[in-house]
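# Sequence plus the predicted model coming up.
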Amino acid sequence: MVVEMFGVNSKGDQYRRGLFLLVYGVLAWLIFRLVKVIIDRLIRSPLRSTPGPLPAKLTSQWLQFIDFAGNRTSTIHKLHQQYGPIVQIGPNEVSFASIDAIRDIYSGQNPFMKSAAYDNFGRKGAFQMRDKEEHRQRRKRINHVFSQSVLLEMEPLIKDEVENLLKVVDERCGEPYDVLHWFRMLALDVVGQLFLGKSFGALKDDRPPPYVHHLDNAYLVWAIQGVLPSVYRFMSVLPFRSIQDFLTAGDYVYDYGAAAFYDYLQSYGRTSTRRSLLTKLIAGDVDSKSAPLSDEEICVEISNLVFAASDTTGNTLTYLFFELARNPSWQEQLRKELRDTEPVDGGVPQYQQIKSLPVLNSVIWEALRVHPAAPASLPRVVPPRGGRVAGMDLPQDTVVSAQAYTVQRLLPTFPEPDRYNPSRWMTTDGGTDEMKELMLAFGKGTRNCLGQTMALMEMKLTTAALIKRFSVHLASLRTVDDMEMTDHFTLIPRGKKCLLVFERVEEKGV
Ligand code: HEM
């Protein structure tokens, strides 16, 4: 009877029916989950009326894939052009583009912490620390190393490396050469001199040191960890030596920093008078009434500083020279301004002589404006009691950010925003208050860049020394395509190279 009612007449049919019910059950559950997600994210979400594209409202994976392809910053920039100053970029994430938002998110008094994204940038030092008090304590113990007066003591070390770069350029005069590579090597050698106690020697070798290969891989691994964690977990269990070596690239970077530190201790001890920022870090700051960092803390900080300093400074110099190559009139103005400065010590001027020159400052700040080395969102989290940004109330745990690439192009503060035009800094005596507030190239507030003074010093010395001696032009129009922006938090030219040609000015009679 039962068999007739249900048409079940064999074990095989029973099995098929069970399977059928299971598949239907799973499908129904998936549809239920999907409908719930859609209702939660589109109808019940506190961000439901925030402008933004549909995929961003439904899933954070949408932006993650864009991010992985290196197009995060340009995509968010286009979204702001389409939707205005407030755009939802994830179910739980909002991007802002206004002065009010910068004040609300990044000012010293606000309670917003860095987001969990910073956990994917290697080991925890001042850059990665999210807890405000822990970070405040760390800055107190290392701020002294970055002061203007301490950096001035380091000027000869920076100049040594700039002189090495001058030799490299001199040898390659008249032929196209990849300045992205050489500016990165300059920045690496400078930070090595200052924080590891020895240069990488990268400017004295045609091939980059192995460190560079591992550092590039470490960036990739951290990007995979952050954007595609399941892919990272899958790769971690694969039994291939090459993949495991790739995944441990970050360890190489930290082991290198630690080895350099212990070598330094062995050679010079803890109380040496040797000119190096590592000496200052080891000694600590008596005025701050806080203890010096432990050896382990120093190893992490100096390793982090190498990568915080090298690509940022190297890329900014690359984009600056790319723009100077496209704008020869700015080279001439700069050369004219530098005419009276005395090059000493192998062709590099004294920092005191050049640090306040208006054309030099303007060409650098304009490069930082149009091509910020960290162009992307600097994400922060709304605290448990909720928060308000640019007049918008936001619930706990919403990730909020502004990106330098967009806010540094806002109208009417920056007319013709995509045009490289240093005049805007010259005619406003170094920038109006509004221009300065919108500049996010070095971050803002308590989490601003610790290395800003050092980076500016290095870039000014390099630019002055090179432009005084050489003129520069594009190798071909392909360089323009190569320099299109991609980014993985830091700016990376799409072609991964920048071919320029330098010529000695006296030979050209400039
Ligand atoms: C042109 C060169 C540079 C640019 C454009 C740049 C940009 C930035 C930006 C935008 C931030 C803020 C990141 C955030 O809020 O998430 C930052 C932080 C930082 N930068 Fe730089 N940077 C440069 C060079 C350097 C150098 C030379 C050093 C050190 C030698 C350095 C060390 C740091 C550190 C330690 C932080 C973390 C500060 C903190 O959170 O307390 N940077 N940088």
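That came in fine, so what should we check first?
# and the gap between residue 63 and residue 25?
Distance, residue 63 to residue 25, using Cβ to Cβ, to the nearest Å: 33 Å. No exception for glycine: its C-beta is placed from N, CA and C like everyone else's.
# Counting neighbours, go ahead and name the busier of those two.
residue 63 (23 against 10; other Cβ atoms under 10 Å).
# Could you check which helix or strand contains residue 319?
Here residue 319 sits within helix 295-326, counting by DSSP states H and E.
# typo on my end, it should be residue 491
strand 490-493.
# again with residue 35
Here residue 35 sits within helix 11-38, counting by DSSP H and E.
# can you check residue 329 too?
With DSSP H and E as criterion, residue 329 is part of helix 328-338.
# Give me the local confidence score for the residue nearest to residue 253 when sequence neighbours are not counted.
Of all residues not flanking residue 253 in the chain, residue 218 sits nearest, at 5.2 Å (Cβ to Cβ, 6 or more residues apart in numbering). For residue 218, the pLDDT comes out at 94.
# residues contacting residue 218?
Counting by Cβ atoms under 8 Å, 6 or more residues apart in numbering, residue 218 touches 122, 249, 250, 252, 253, 307.
# 7 Å instead, please
122, 249, 250, 253 (Cβ atoms under 7 Å, 6 or more residues apart in numbering).
# Closest one to the ligand out of those, please.
residue 122 (11.8 Å; Cβ to the nearest ligand atom).
# just to revisit the earlier point, for the contacts of residue 218, pick the one with the most neighbours.
Counting by other Cβ under 10 Å, top hit in the contacts of residue 218: residue 122 with 23 neighbours.
# what residues are up against that residue?
218, 222, 250, 304.
# which ones are touching the residue of the stretch 351-500 of the chain found nearest the ligand?
When scored by Cβ to the nearest ligand atom, the stretch 351-500 of the chain has residue 451 as its residue closest to the ligand, at 2.0 Å. Neighbour list for residue 451: 146, 308, 309 [criterion: Cβ under 7 Å, 6+ apart].
# so for the helix holding residue 319, what's the average pLDDT?
97.
# buried set for that helix?
By neighbour count on 16 or more other Cβ atoms under 10 Å, the buried set for helix 295-326 is 297-326.
# which residues touch the host helix or strand of residue 189?
Element membership for residue 189 (DSSP H and E) is helix 179-191. If you take Cβ under 7 Å, 6+ apart as the criterion, helix 179-191 is touched by 158, 161, 164-165, 168, 199-200, 202-203, 208, 305-306, 309-311, 313-314, 317-318, 321, 458, 462, 493, 497-498, 500.
# Next, the angle from it to helix 295-326.
140 degrees (axes from the mean of the first three to the mean of the last three Cα atoms, to 10 degrees).
# touching the ligand at all, the helix or strand following helix 179-191?
Counting by DSSP H and E, the next helix or strand C-terminal to helix 179-191 is helix 210-227. No. Using Cβ under 6 Å from any ligand atom, helix 210-227 stays clear of the ligand, coming no nearer than 13.4 Å.
# List the buried residues for helix 210-227?
Buried residues in helix 210-227 (16+ other Cβ under 10 Å): 211-212, 214-215, 217-219, 221-227.
# Return that helix as PDB; C-alpha atoms alone will do.
Presented in PDB, the C-alpha positions along helix 210-227 are these (Å, rounded to 0.1, in the frame of the first residue of the first chain):
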ATOM      1  CA  PRO A 210      68.200  39.300  -3.100                       C
ATOM      2  CA  TYR A 211      66.400  41.300  -0.400                       C
ATOM      3  CA  VAL A 212      64.500  43.100  -3.100                       C
ATOM      4  CA  HIS A 213      63.100  39.900  -4.600                       C
ATOM      5  CA  HIS A 214      62.000  38.700  -1.100                       C
ATOM      6  CA  LEU A 215      60.500  42.100  -0.300                       C
ATOM      7  CA  ASP A 216      58.500  42.100  -3.600                       C
ATOM      8  CA  ASN A 217      57.200  38.600  -2.800                       C
ATOM      9  CA  ALA A 218      56.400  39.600   0.800                       C
ATOM     10  CA  TYR A 219      54.100  42.400  -0.500                       C
ATOM     11  CA  LEU A 220      52.300  39.900  -2.700                       C
ATOM     12  CA  VAL A 221      51.900  37.400   0.100                       C
ATOM     13  CA  TRP A 222      50.500  40.000   2.400                       C
ATOM     14  CA  ALA A 223      48.100  41.100  -0.400                       C
ATOM     15  CA  ILE A 224      47.000  37.400  -0.800                       C
ATOM     16  CA  GLN A 225      46.600  37.000   3.000                       C
ATOM     17  CA  GLY A 226      44.500  40.200   3.200                       C
ATOM     18  CA  VAL A 227      42.400  39.800   0.100                       C
END
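# Give the next helix or strand downstream of it.
Counting by DSSP H and E, the next helix or strand C-terminal to helix 210-227 is helix 229-236.
# Distance from the chain centre to that next one, please.
A distance of 24 Å separates the centroid of the chain from that of helix 229-236, by Cα atoms, centre = their mean, to the nearest Å.
# do the same with stretch 114-121
13 Å.
# now do stretch 154-172
For stretch 154-172, the distance to the chain centre is 25 Å (Cα atoms, centre = their mean).
# which of the contacts of residue 122 lies closest to residue 95?
Nearest to residue 95 among the contacts of residue 122, counting by Cβ to Cβ, is residue 222 at 21.6 Å.
# For that closest one, give me the pLDDT.
Residue-level pLDDT assigned to residue 222 equals 91.
# same question, residue 6
We have a pLDDT of 47 for residue 6.
# Residue 157 and residue 195 touch, don't they?
No. Using Cβ atoms under 7 Å, residue 157 is not in contact with residue 195, being 10.6 Å away.
# Neighbours of residue 425, how many?
For residue 425, using other Cβ under 10 Å, the count is 21.
# Ends of stretch 399-412, what's the gap?
27 Å (Cα to Cα, to the nearest Å).
# Need the residues that contact that stretch.
73, 76-77, 80, 92-97, 101-102, 105, 112, 115, 369, 372, 374-382, 389, 394, 414, 417-418, 438-441.
# Contacting the ligand as well, which ones from these?
374, 378, 441.
# and the gap between the second one and residue 385?
Spelled out, it's residue 378. Distance, residue 378 to residue 385, by Cβ to Cβ: 22 Å.
# Those two: which is more packed in?
With other Cβ under 10 Å as the criterion, residue 378 and residue 385 differ in neighbour count, and residue 378 comes out ahead with 22 against 7.
# Could I get the contacting residues of the more buried one?
Contacts of residue 378 (Cβ under 7 Å, 6+ apart): 401, 402, 443.
# what about burial for those residues, which qualify?
401, 402.
# Cross-reference the contacts of residue 378 with the strands and report the matches.
Judged by DSSP state E, strands contain the following of these: 401, 402.
# returning to that earlier point: okay, now the sheet partners of the strand holding residue 491, with direction.
In the sheet, strand 490-493 lines up against strand 485-488 (antiparallel) (DSSP bridges).
# If you count neighbours, what's buried in the strand it pairs with?
485, 486, 487, 488.
# Is it possible to get a markdown table of those residues that adds pLDDT and distance to residue 153?
Shown next, in a markdown table, are these (pLDDT from 0 to 100; distance: Cβ to Cβ, whole Å):
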| residue | pLDDT | distance to residue 153 |
| --- | --- | --- |
| 485 | 96 | 36 |
| 486 | 95 | 38 |
| 487 | 92 | 34 |
| 488 | 88 | 34 |
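# now those residues as TSV including distance to the ligand?
Shown next, in TSV, are the buried residues of strand 485-488 (distance: Cβ to the nearest ligand atom, whole Å):
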residue	distance to the ligand
485	14
486	17
487	12
488	14
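# which two in these are spaced the farthest apart?
485 and 488 (11.3 Å).
# Chain neighbours aside, what residue packs nearest to whichever residue of the stretch 151-300 of the chain sits closest to the ligand?
The nearest approach of the stretch 151-300 of the chain to the ligand comes at residue 191, 5.7 Å away (Cβ to the nearest ligand atom). The spatially closest residue to residue 191, leaving aside those adjacent along the chain, is residue 309, at 4.1 Å (Cβ to Cβ, 6+ apart).
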